[in-house]
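K.L.:
Here is a sequence together with a model predicted from it:
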Protein chains: 2
Amino acid sequence: MIASGTGEDARLTLRTPASVDIFTRILTHGPIGRVDVGRQTGLSQAAVTKTVAPLLLDGIVAVDRPLAGAALTGAAPGRPVHPLRVVPSARLVLGVKVNPDEVIGVATGMTAAILHVARRPLGSTDPAAVVEAVAQVAEELGGLLGDRVDRLIGLGVAVSGDVDAATGIVRDSPLLGWRGVPLAHPLAARLGVPVRVDNDVRALTIAEHWFGVGRDSGSFAVVTIGSGIGCGLYLNDDVVSGAHGVAGELGHLPLASLDAVCVCGRRGCVEAVASSGAVLRAVRTVTDAPRLTLAEAAALAREGVPGAVAAFDRAGTAIGAALAVVANLTGPDTVLVAGEGMAEFELYERAIRSTFAAHAFGAAADCVLVTRAHSFEDWARGAAASVIRAAVRQEFQPTFSG
Amino acid sequence: MIASGTGEDARLTLRTPASVDIFTRILTHGPIGRVDVGRQTGLSQAAVTKTVAPLLLDGIVAVDRPLAGAALTGAAPGRPVHPLRVVPSARLVLGVKVNPDEVIGVATGMTAAILHVARRPLGSTDPAAVVEAVAQVAEELGGLLGDRVDRLIGLGVAVSGDVDAATGIVRDSPLLGWRGVPLAHPLAARLGVPVRVDNDVRALTIAEHWFGVGRDSGSFAVVTIGSGIGCGLYLNDDVVSGAHGVAGELGHLPLASLDAVCVCGRRGCVEAVASSGAVLRAVRTVTDAPRLTLAEAAALAREGVPGAVAAFDRAGTAIGAALAVVANLTGPDTVLVAGEGMAEFELYERAIRSTFAAHAFGAAADCVLVTRAHSFEDWARGAAASVIRAAVRQEFQPTFSG
DNA sequence: TAGCAATAATTGATGCTGTCAAATAATTCG
DNA sequence: CGAATTATTTGACAGCATCAATTATTGCTA
C-alpha cells in the first residue's frame, strides 16, 4: 500500500477538449503567454484566460514574473507577456520499466523530470515475482516522496511486447515469456494506486513527443535498436497502437539477406543481423572467440578488425533499411533513433545513413534522423509520461481491484 | 464554365464536430435509427434529433418508412425505428482520375455511387493538355447532369504521386513527369467550381473506408498493385498523409533480392520484381518473346509454363512481404489489395498469402486481407469520395481563381 | 380488444462553454 | 507625459448538448 486516501484530490480535472488542448500546450510548450496559447490551439484569448483561472487556483499552473525589459522582449512595446507554466511538482507520477533481469522505477512530476530512482533485481520473470518487485520499487519511491504521495496520479509500467493498455493486460511478451498476464489489477490492488500498463516503446515515444525531440512534430517516430528492433509511431497527433495491439513491429521485417537466420525461425529478419545478439554472434564467429562480450566486439570494430567492422556494417545496413521503411510508409518529419544499441551507434552510423538515404523515397528523405542514448531510467520515465498523457487527456481509467 | 451561380446553395452546413459525426454516421452506416446513431457517436438521442431536423428540411437526409412487422424487427416490442439515410442525389460531385494516356471522370451523389461516366484520351501529359482534358470531361459530365449542376459540391482530381491537397499542387508525379504543377487553381478558374486535388491511392482509401470494406474499421490500409505498388493508410480514424506529403510509399522498399534492378536505379525494390512491367519483362526474358503482352504472359502462367509461373510467384512473394510490412508497422485490422494488377491476382495469390503469413508478426497476422478489382471508374470515384469527405468534414476550401 | 411493457423519438428547461467586443493593464517610444 | 502597442480580463451573449419528462408506436397478454 502506498497511500490510503489517494486518488481523489490528485486527479486532473480538464472537462472539455478545449481545456485539454490548452493545458497540454502549456505543459509541453510552457512557459508561454496566453495569447500564444490561443493562437496555437485555435481558441480565443478569452477562452485561455477562463480555462487557466481554476488551474491557477489549483496550483497546477503558475504565472512566471512577466519578463519586462526591452532587452528580453525584443524591444517591442506593449504589456509584457505573463508566461504560464505547469508546476512540475503539483502532481506526481511513478514510472517503472520491467526488464528481464531488473525492475527500474522513477518518480517524476508533471513534466516527467526524474525526482527519484529505485531498482530491484529480478530472480525470475514469473508474473508474481515481477508484480512483487514492481510493488517494492513503487513503495520505495512512495517512501522517498513522503507526504507528497497525496499528489500521486498513478503508476505506469512499461513492458516490451503486445500490451493492452486499456485493460492492463500483457497479451504477449516474448522477452518475458508472458502470454495474457494481467498486470494492472494485481498492482493496483496491492498498492492502492491507479495503474497503467503500456508497451515500452510506445511509452518512450509519448515521452519524446511531449517532452523531447518530437515536441513540435505532428508526425513522429522512434526506432529503438538493441536486443530487439522496435518502433513507436505518433501520426496525426495520436499514438498508433494497431487494431490488434501490435504496431511498430520492425524487428522481423524481411529486409536483410535470406542467409541470415533469425531466432524467430524465419530468414532475413532485421533482427537476424541487427540485434545486438546477432552482431555479437557474427563477430564471435568471424574472430573465433566464442566468449566475446558485446563491448569487446565493439572494441575490435573500433580498432578496425575487418570482420568486426563488417558485422556492424551489416547491422547498420539493415537498420537503415528499416528506417527507410518507416519514413516511406508513414512520412514522419522526425525519426528518433534510440535504445541500448546507441552505445555502439558510431559503428552503425555510416551504414545506417547511407542505406537510409539510398532508400528514402522522394520527400521522405527530408525526414530528420535524430539520435539519443536513453538510460534505463529514461525508459521508466516513458512509463510515467504515458500516465501523464492519459491523465491529461482524461483517458486514465484508474485500475483498482474490484 | 460548368455553372454560373454554383457554390452557395450546394455547400454542406454542419457547424459543430458533433453534427459532422452524426451526419457521417448516417452517410456511412445508414439507413440507421436515431438511437443507434446516438449510441455509435457517443451523443444523446436528443442531439441526434435536433441535428437531423435541419438536415431533413434541407432534404439531404430522409426518413425511410418505419419498418414495422415482427418479422423484420426481430419480434421486439416498442416503437419501430425510423431509419435515417442520406439522400444520394441531394448533392452531386465530380471525380476525375488522371492516367498518363487517358482522363476518366464520373459524376456521383453523396454516397459516391456512379451516375455518369466520361473519358478523354490524352495526347501528352503536358499540364496544360491535362487541364484541358479534365475540364472537358467535367463539362461533359456537367452537361449530363443538366439542371442538377446547382447541387454540385465540387470536382475532385486524383493524381498519382506526391500531392498537396491543401494547395491543389502536384509536388512530384514521376508517372506524369510533373514537379510543382498547380492543378486546382487553373481548373477552378476554368470551370467556376471548387476543386480538390488528391493523391490517387489516398482518394481510393477514403472511398473504401467510407463506402467500402473499411467501413467498420478504425485502422485500415489499401495496397495497390499494378504498374506501381502503392499504399494508403487510415489510422486512428484519419488519413495518413505524411509530414512532407509522402506516405505509403511501398514500391521502393528494399524487400526483394538485390539482383533485381529497379527503374529508379536502385536494387531490391518491390517494384523491381512486382510491378506489372517487371513481371512482363521477366516473362519476356524467360520465354525469349520480346513482344509479349501482359495478358499473354498471364496466359502462359495459367498454362503452367514454369518460367512464367516463377515470375508471378516472385512478384507475389515481394507483394506479400510488402503487406507484412504494412501489417507489422501499422497494425490495421483490414488490408484491401487492389489495383490493375488484380486481373492476374490468382497468379500472385499463393505467394502473397504464404509470404504474408510467414512475416506477419504475432497479432498482426489477425489482419484480414481483402481483395477487390477496381475499374478505372472506381479510381475516379475515389476522387469524388475525397471531395465528399472534405465537404462533410468542413475542410473543403473551395479553390477559385483569385 | 384493452391494457401493459418496451422501445423510439421529441420537447423544453437547463447549464456549460467558447466567442465577441469592450475595457483594463503595462509597457516602449518620442 | 501622452500616444501607440500589445497582453489580459471582463461581462454579455449565443449556441449546443444533456437531462428528464413526454409523446409515439409497436408486441404481447389476458
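P.N.:
Structure received. Residues are numbered from 1 along each chain as shown, chains lettered A, B, ... in the order given.
K.L.:
What is the burial count for the residue lying closest to A:Glu249 once chain neighbours are set aside?
P.N.:
Distances taken as Cβ to Cβ, 6 or more residues apart in numbering or on different chains put B:Asn328 closest to A:Glu249, at 3.9 Å, once the chain neighbours are dropped. No exception for glycine: its C-beta is placed from N, CA and C like everyone else's. Other residues within reach of B:Asn328, judged by other Cβ atoms under 10 Å in any protein chain shown, total 26.
K.L.:
which ones are touching B:Asn328?
P.N.:
By Cβ atoms under 8 Å, 6 or more residues apart in numbering or on different chains, B:Asn328 lies in contact with A:Val246, A:Gly248, A:Glu249, A:Leu250, A:His252, A:Leu253, B:His359, B:Ala360, B:Phe361, B:Ala364.
K.L.:
Then A:Val326?
P.N.:
A:Ala221, A:Val223, A:Cys231, A:Leu233, A:Leu250, A:Pro332, A:Val335, B:Leu329.
K.L.:
Look at the last one and give its secondary structure.
P.N.:
Under DSSP: H, G, I helix; E, B strand; the rest coil, the three-state class of B:Leu329 is helix.
K.L.:
surely it meets A:Thr330?
P.N.:
Yes: between B:Leu329 and A:Thr330 a contact is recorded at 7.3 Å, counting by Cβ atoms under 8 Å.
K.L.:
if we can go back for a sec, return the subset of the contacts of B:Asn328 lying in helices.
P.N.:
Among these, the residues falling in helices (DSSP state H) are B:His359.
K.L.:
Out of the contacts of B:Asn328, which is nearest to DNA strand C?
P.N.:
Nearest to DNA strand C, judged by Cβ to the nearest atom of the strand, of these is A:Gly248 at 32.8 Å.
K.L.:
Contact partners for the nearest residue to that closest one once chain neighbours are set aside?
P.N.:
Using Cβ to Cβ, 6+ apart and skipping the chain neighbours, the partner closest in space to A:Gly248 is A:Cys231 (3.6 Å). A:Cys231 is in contact with A:Val201, A:Ala221, A:Val222, A:Val223, A:Thr224, A:Gly248, A:Glu249, A:Leu250, A:Ala322, A:Val326, B:Leu329, counting by Cβ under 8 Å, 6+ apart.
K.L.:
ok, now with 10 Å
P.N.:
A:201-202, A:205, A:221-224, A:240, A:247-251, A:253, A:322-323, A:325-326, A:330, A:335, B:328-329 (Cβ atoms under 10 Å, 6 or more residues apart in numbering or on different chains).
K.L.:
For DNA strand D, see how far away it is.
P.N.:
Distance of A:Cys231 to DNA strand D, given as Cβ to the nearest atom of the strand, to the nearest Å: 37 Å.
K.L.:
Am I right that that residue sits in a helix?
P.N.:
No: judged by three-state DSSP, A:Cys231 forms no part of a helix; its state is strand.
K.L.:
Can you name the residues bridging to it?
P.N.:
Note on A:Cys231: beta-bridge partners A:Val223, judged by DSSP bridges.
K.L.:
Quick check: phi and psi on A:Thr108?
P.N.:
phi -130, psi 170 (degrees, to the nearest 10).
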